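Participant: Got a predicted structure plus its sequence, pasted below:
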Amino acid sequence: LALTVQRRILPSFGFPASRAGVLEMVLHCTKFLEDEEIAKLWDDINSKLGMTHEACRRFRESATGFKGSDRPREAVDGAVVDCLEGLEGSMCIK
């Protein structure tokens, strides 16, 4: 369901209107998660998408680890997909 809306919005911000675009957006946003206000907004958005408070916290902590990663892009993408799909109550972007 979220991807239906994201497909319309992502191109406005320069991301592809696809699952890959969601991954790019997530990776882009991880650069700013150290800012408390941004982290709160990140959690609030994910909560609205159906994540529990605990799932939001775990996702944010995991996503923070992707920032500035020197892992190959494919490994980071795979880790983000695993993180998104592995959380209880996660935002399904299939």
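Facilitator: Okay, I see it.
Participant: Next, work out how far apart E34 and S47 are.
Facilitator: E34 sits 20 Å away from S47, going by CB to CB, to the nearest Å. C-beta: built from backbone N, CA, C; applies to glycine.
Participant: Which of these two has more residues huddled nearby?
Facilitator: Set E34 next to S47 and count neighbours by other CB atoms under 10 Å: S47 wins out with 14 against 10.
Participant: Go ahead and confirm that one touches H53.
Facilitator: Yes - counting by CB atoms under 8 Å, H53 is a contact partner of S47 at 7.0 Å.
Participant: For this structure, just list every one of the helices.
Facilitator: Per DSSP state H, the chain carries helices over the ranges 2-9, 19-29, 36-48, 53-64, 73-86.
Participant: could I get those helices as CSV with mean pLDDT?
Facilitator: Converted to CSV, the helices of the chain look like this (pLDDT from 0 to 100):
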stretch, mean pLDDT
helix 2-9, 86
helix 19-29, 86
helix 36-48, 91
helix 53-64, 85
helix 73-86, 55
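Participant: separation between C29 and T4?
Facilitator: As judged by CB to CB, C29 and T4 stand 20 Å apart.
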